[in-house]
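Trainee: Give me a model of this one.
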Amino acid sequence: MFALHTQGKEFYWGYEGLEPPESEALAKEFARVSGYKSVRYVDSHAGYKDWFVQEFRRPGFTFELGSGVNPLPICQFPEMVEEMIGVFLSALHQ
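Mentor: A predicted model of the protein is given here:
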């Protein structure tokens, strides 16, 4: 499951130790193909990814796309798409 937000060029994937073991391997691959920083735990709760991981015990990821001040300029969109293509393709092979 992917939740796409802006901004920060990082992604979050853990939630209170409830994430399944395969989440770590996916996070490493997603960091490799996107160049984004992988963050296991973050001090926030009640997001869509958190609910999904807690409810289904399946991998979930919140990506913070782009960098700068929100709202991000539309000119960053092609770069964000390019960074995420590898993530989406990697997810298809899992």
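Trainee: When you work out contacts or count neighbours from here on, use the C-alpha atoms and nothing else.
Mentor: OK.
Trainee: mind listing what residue 34 touches?
Mentor: 83, 84, 86, 87 (Cα atoms under 8 Å, 6 or more residues apart in numbering).
Trainee: show me where this protein has strands.
Mentor: Along the chain, the stretches classed as strands by DSSP state E are 2-6, 10-12, 37-39, 61-65.
Trainee: ranges for the helices of the protein?
Mentor: With DSSP state H applied, the chain shows helices at 22-34, 48-56, 77-92, listed in chain order.
Trainee: Tell me what angle the shortest one forms with strand 61-65.
Mentor: The reference is to helix 48-56. 170 degrees (axes from the mean of the first three to the mean of the last three Cα atoms, to 10 degrees).
Trainee: got the CA positions of helix 48-56 in PDB?
Mentor: Provided in PDB are the C-alpha atoms of helix 48-56 (Å, rounded to 0.1, in the frame of the first residue of the first chain):
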ATOM      1  CA  TYR A  48      -3.700   5.800   6.300                       C
ATOM      2  CA  LYS A  49      -0.400   3.800   6.300                       C
ATOM      3  CA  ASP A  50      -0.500   3.300  10.000                       C
ATOM      4  CA  TRP A  51      -4.100   2.200   9.900                       C
ATOM      5  CA  PHE A  52      -3.400  -0.200   7.000                       C
ATOM      6  CA  VAL A  53      -0.400  -1.800   8.700                       C
ATOM      7  CA  GLN A  54      -2.300  -2.200  12.000                       C
ATOM      8  CA  GLU A  55      -5.400  -3.500  10.500                       C
ATOM      9  CA  PHE A  56      -4.000  -5.900   7.900                       C
END
